[in-house]
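Student: build me a model from this:
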Amino acid sequence: MQLVVREVACRRGARELFRGLGFTVPAGRALVVTGPNGAGKSSLLRLLAGLASPVSGSIQLEGAPEPDAYREQVHYLGHLDAHKLALSASANLGFWRDLLGGVDQSSALEVEDALEAVGLGGLGGLPVAVLSAGQKRRLALARLLVVERPLWILDEPTTALDARAQALFASLARAHVEKGGLLVAATHAPLDLGAGDSLDLGAHVAHSAPVADAAAGEDAA
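Tutor: Residues are numbered from 1 along each chain as shown. Sure, this is the predicted structure:
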C-alpha cells in the first residue's frame, strides 16, 4: 500500500497555495511536512484526508483493501480535539470507536487500554471539561489506537504536549509505521517518527492571480 500524490494544486479562497506537488509515502514510512505559516500545510492535510478536493492532480491510496472507500482508510487529527466536554474521556473515546470502527479491528485497543497507552490511565471517568489542554490532546491521539486505520494524517499532533507526552506520541507513531502503517504529519517542531522523509511545502508555494482573474483568463481561452 502507498499514498501517491500527483501534480496536485490547492487553492484557498482567491489564493493558490501550491501547485505541481507530488510525492509518494509507502507502507512503513512517515512524511513530515514543514514550511512557513500560510504555506498550506493544513490545507494539504485536508486534501489528503479527503475533506477537500484539489484544483488539479490526484491523490490515491494504491493497494488499499477498499480503494473506493478512501476516507475509511484514514485517521485525520486536526487542530481541534473534537471532544464533547460534558462526557467522560471514556465515553468520548467509545463514541469515536463506534463511529469510525470497521469490520476488522483485531489490532485496535480497547478504550481503557488506549487511555493507558497515552498516559491517561485512571482518568477515563472524568468529564473532558476538567482535563488540561495537554490531556485533551492526548485523548484525541487515543482515537488513533481504538480504531485500526492504515493512514494517519496529523496536523501539529504535539500541540499542548509536554516533553514526556511528546516522546510518548513519537513512540506510538513509530510503532504504527514499523508495523506497516503510513503517516503524514505537519509540524513546526521536530518529530522523531522513525523511517521517513520530509517535505518543505514552502518550496512549492504558488504565486498566482486571484480566482476572478484566473477565471477570466480561462473564459478568454
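Student: what residues does the spatially most central residue of the chain make contact with?
Tutor: Geometric centre of the chain, nearest residue: residue 153, 1.9 Å, by CA atoms, centre = their mean. By CB atoms under 8 Å, 6 or more residues apart in numbering, the contact set of residue 153 is 45, 48-49, 74-77, 184-185. (C-beta placed from N, C-alpha, C; glycine too.)
Student: who does it form a beta bridge with?
Tutor: On the basis of DSSP bridges, residue 153 takes part in beta bridges with residue 76, residue 184.
Student: please begin residue numbering at 3 from this point
Tutor: In the new count, where the first residue is 3, that last one comes out as residue 155.
Student: dump the residue contacts of the closest residue to residue 3 other than its chain neighbours.
Tutor: Nearest residue to residue 3 in three dimensions, chain neighbours excluded: residue 65, at 4.0 Å (CB to CB, 6 or more residues apart in numbering). For residue 65, the contact set (CB under 8 Å, 6+ apart) comprises 3-4, 29.
Student: and what of residue 40?
Tutor: The contact partners of residue 40, by CB under 8 Å, 6+ apart, come to residue 19.
Student: sec struct for it, please.
Tutor: When classified by DSSP: H, G, I helix; E, B strand; the rest coil, residue 40 comes out as coil.
Student: what mean pLDDT does stretch 49-58 have?
Tutor: When pLDDT is averaged along stretch 49-58, the result is 94.
Student: so what touches that stretch?
Tutor: By CB under 8 Å, 6+ apart, the residues outside stretch 49-58 that reach it are 5, 7, 9-13, 18, 21, 45, 48, 61, 72-73, 76, 78, 153, 155, 186.
Student: which stretches of the protein form strands?
Tutor: Using DSSP state E, the strands of the chain run over 4-14, 17-28, 31-36, 58-64, 76-79, 153-157, 184-188, 198-202.
Student: pick the most deeply packed of those strands.
Tutor: Highest mean neighbour count among those (mean count of other CB atoms under 10 Å): strand 184-188, with a mean of 26.
Student: tell me the one among the contacts of residue 65 nearest to residue 163.
Tutor: residue 29 (26.6 Å; CB to CB).
Student: rewinding a little: and the gap between the residue nearest to residue 3 and residue 5?
Tutor: According to CB to CB, to the nearest Å, residue 65 stands 10 Å off from residue 5.
Student: cool, residue 74 as well?
Tutor: From residue 74 to residue 5 the distance is 15 Å (CB to CB).
Student: give me the mean pLDDT for the top helix by length along the chain.
Tutor: In the chain, assigned by DSSP state H, the helix with the most residues is helix 165-180. Here helix 165-180 scores 94 as its mean pLDDT.
Student: with stretch 94-107 instead?
Tutor: Rounded mean pLDDT across stretch 94-107 is 82.
Student: ok, back up a step: dump the longest helix of the chain to CSV, keeping only the CA atoms.
Tutor: Extracted C-alpha coordinates of helix 165-180, given in CSV (Å, rounded to 0.1, in the frame of the first residue of the first chain):
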residue,chain,number,x,y,z
ALA,A,165,8.2,16.8,26.6
ARG,A,166,7.2,13.5,28.2
ALA,A,167,3.9,13.3,26.2
GLN,A,168,5.7,14.3,23.0
ALA,A,169,8.1,11.3,23.5
LEU,A,170,5.1,9.1,24.2
PHE,A,171,3.4,10.2,21.0
ALA,A,172,6.6,9.6,19.0
SER,A,173,6.8,6.1,20.3
LEU,A,174,3.2,5.4,19.3
ALA,A,175,3.8,6.9,15.8
ARG,A,176,6.9,4.8,15.3
ALA,A,177,5.1,1.7,16.3
HIS,A,178,2.4,2.4,13.7
VAL,A,179,5.0,2.9,11.0
GLU,A,180,7.0,-0.1,12.0
